[in-house]
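Colleague: Sharing a sequence plus its predicted fold:
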Amino acid sequence: MAVELKQPDFDRKRTILKSPVRLGGETLEALFLLIPGLVLLLVFLVWPTLNAFWLSFHRENLLGTQRDWVGLANYAEMLQDPAFWRSVGATFLFAAIVAPVQMLLGLIAALMVARPFPGVNVFRTLFFLTTAVPTAVAAVAWGWFLHPIGGVVNRWLEALGLPPQPWLTSVELALPTLAIVTAWAGVGFTAILLTAGLQQIPEDLYEAARLDGASVWAQFWHITLPMLSPTLFLVALLTMLSSLTAFGQIHLLTRGGPAESTMVWVYRIYQDAFFNFRFSYASAQATALFLVLLLLAGLQFRWFGRKVHYG
Amino acid sequence: MGRLPRWLARPLFYLALGVYAWLLVLPLLTLLSASFRSDADLYAPGLLPPRPTLEAYQEALQKHPVGRYLLNSLVVSLSVTLGVLLVSASMGYALARVRFVGQSLLFGFVVSLLLIPGEVTFLPLYLMVQQFGWINTYWALTVPFIAAPLGIFLLRQFIKSLPQDLFDAARIDGAGHLRILWHVALPLAAPALGALAALTFLGTWNMYLWPLVVINNSSMQTAQIAIAQVVSVEVTSWNVVAAVSILVLLPTLLAFLLAQRAFVRGIALGGLKG
């Protein structure tokens, strides 16, 4: 923000300096720098986005060769499709588990490593490590960790005298289990952002509080949490957005099953497009997902607008 | 609620750190352990393999072209990273330092593109790539991702925050924009470029849905999707699956350990948007 305010002053200086050196060539240079990227953006981002809308108003014939205009028929079908609504429900339940678990695990990690101490770098590396783990590797690691026979978790349960659980193969457990896997894979990301947020809190606030004899808990509740709240809110939204579009770990571990219990929104889009060959119907579902994500992102930008002077 | 004495607080703090780190890394450790087990020892209890062996790695490398998968991922991730750096630097510079008609409008347009998720564009993009004849090629995996709104945005913000005097000095010396971009802006933007490179490399290596749909030829498959294939082939040989996974994990893990600062910066920048 501060930079933006100083800018007009710079500009005045710049025009004085610039005009004798170079005239008119500037637009040409700008075009040279801009055109390659602009063409790529238009072809591979803007056009497909418009096309997604276009597709969602059409329907392919039986051969899949021609698309006929059907107006809102795909949307009407979608809204009456109980399978679609089950997917929407599963998606939100999934996100509702991922977001708080990932936030809490990441916050604990960030609180421990935000301030320096001997050996802090080792623990930062370990806590941030999951960001370097590809989705498929995370999924396989947990597939083995939760394995019915060899898995560590079921061994622990047995040691405690509890029955082993079919983590990924039961209709009730598969979705929450996948949510935990996803939250684990995201801990590094959350920990990095929250550590950055914690480091922006001025140290003098804590010193003043200590002088006043505030306990560690009091410092946490009255300094850390309020000062961190903009970051926390942002991270919560980012976590929500990414968990609403989770796909890889689900594809690898459950393929949407058992009994479609983990058939989340994106998985259904994939399924309808590439297995049922209904690209237009899938596009309508993708467009609906886009609207939901936009709504959440809009919330994020509004929050930003209000909080920008804060940091 | 009295405070703990210092001689007790320190060790307790390290104990908590250690336990937490241990729990977070445990799923990866058990995977590592499985990769060093023979078929016979696979289900033997304990974290450490009773008789460590490289059998699973040998079998993995014999039965699956893991090297080829890694090469595919490496080619794709490096190409996209290089492309993103080039496009983001030139567009970011133009949007920050060159004056032309409609600059702020164009910048607003790029920012609005940040909102478009890949899950919305991938179906039409698939149809387009199919028409181009790019199915099963590196083109499909790289070209669509070279112009990244986030990269353009980050570099524009960074270059705009650099001191104006440097650019004025270069101008007085008679340098054109291309030379200023190359000799002034880019060297100064090295931290931002490093962060963006780390973020892009990781993001591309992590692509899942897109390679899954545009590649159906095994030799062109990226390492991530290859794991999914290996899992479905080696249903019971978890040690082989684990070995393949560890091999796929190594490059990103090494990159992360070597350039942790850039990764952390990239993720913080990408998340907090500047």
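Modeller: On my side now, so go ahead.

Colleague: For A:His58, the count of nearby residues, please.
Modeller: 18 (other CB atoms under 10 Å in any protein chain shown). Using the backbone N, CA and C atoms, a C-beta is placed for each residue, glycine as well.

Colleague: Revised request: answer the last question for A:Thr27.
Modeller: By other CB under 10 Å, the residues close to A:Thr27 number 12.

Colleague: Assumed it was part of a helix.
Modeller: Yes - using DSSP: H, G, I helix; E, B strand; the rest coil, the assignment for A:Thr27 is a helix.

Colleague: Look up the closest residue to it, ignoring the ones flanking it.
Modeller: Sequence neighbours aside, B:Phe100 is the residue nearest to A:Thr27 in space, at 5.0 Å (criterion: CB to CB, 6 or more residues apart in numbering or on different chains).

Colleague: From what I see, that neighbour and A:Leu28 are in contact.
Modeller: No - look at B:Phe100 against A:Leu28 with CB atoms under 8 Å: they stay out of range, at 9.3 Å.

Colleague: okay, the two: which has more neighbours?
Modeller: Per other CB under 10 Å, whichever of B:Phe100 and A:Leu28 has more neighbours is B:Phe100, with 16 against 11.

Colleague: what's near enough to touch the residue most central in space within chain B?
Modeller: Taking CA atoms, centre = their mean, the centroid of chain B lies closest to B:Leu202, which sits 0.5 Å from it. B:Leu202 is in contact with A:Thr131, A:Ala132, B:Thr252, B:Ala255, B:Phe256, B:Phe263, B:Gly266, counting by CB atoms under 8 Å, 6 or more residues apart in numbering or on different chains.

Colleague: Which element, helix or strand, includes residue 90?
Modeller: I'll assume chain A. Using DSSP states H and E, the element containing A:Ala90 is helix A:82-113.

Colleague: my bad, the chain I had in mind was chain B
Modeller: Under the criterion of DSSP H and E, B:Ser90 resides in helix B:66-97.

Colleague: Check whether that helix comes near chain A.
Modeller: Yes - Helix B:66-97 lies within reach of chain A by CB under 8 Å from any CB of the partner chain, at B:Val87, B:Ser88, B:Ser90, B:Met91, B:Tyr93, B:Ala94.

Colleague: helices and strands around that helix, which ones?
Modeller: For helix B:66-97, the packing partners by 3 or more CB pairs under 8 Å, 6 or more residues apart in numbering or on different chains; DSSP states H and E come out as helix A:25-41, helix B:103-113, helix B:138-142, helix B:149-161, helix B:177-180, helix B:190-205, helix B:223-233, helix B:238-258.

Colleague: Okay, domains of the chain per the record?
Modeller: All of this is about chain A. Partitioning chain A according to automatic domain parsing yields domains covering residues A:20-73, A:74-307.

Colleague: sorry, should have said chain B
Modeller: B:6-56, B:60-272.

Colleague: Could you dump these into CSV and include distance to A:Ala174?
Modeller: Listed next are those as CSV, based on distance: least, CB to CB, whole Å:
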stretch, distance to A:Ala174
domain B:6-56, 17
domain B:60-272, 16
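
Colleague: Quick one: closest of these to A:Gly151.
Modeller: For A:Gly151, the closest of the domains of chain B is domain B:6-56, at 8.1 Å, according to CB to CB.

Colleague: pLDDT weak spots in chain A?
Modeller: Counting by pLDDT under 70, chain A contains low-confidence ranges at A:1-25, A:62-65, A:300-301, A:303-311.

Colleague: center of it - which residue?
Modeller: Nearest to the mean C-alpha position of chain A, by CA atoms, centre = their mean, lies A:Ser242 at 2.1 Å.

Colleague: Look up how far B:Asn206 lies from the residue nearest to that one when sequence neighbours are not counted.
Modeller: Of all residues not flanking A:Ser242 in the chain, A:Gly186 sits nearest, at 7.1 Å (CB to CB, 6+ apart). Using CB to CB, to the nearest Å, we find A:Gly186 at a distance of 12 Å from B:Asn206.

Colleague: what mean pLDDT does the helix holding B:Ser90 have?
Modeller: Mean pLDDT, taken over the full extent of helix B:66-97, equals 95.

Colleague: Compute the inter-axis angle for it and helix B:149-161.
Modeller: Interaxial angle of helix B:66-97 relative to helix B:149-161 (axes from the mean of the first three to the mean of the last three CA atoms, to 10 degrees): 40 degrees.
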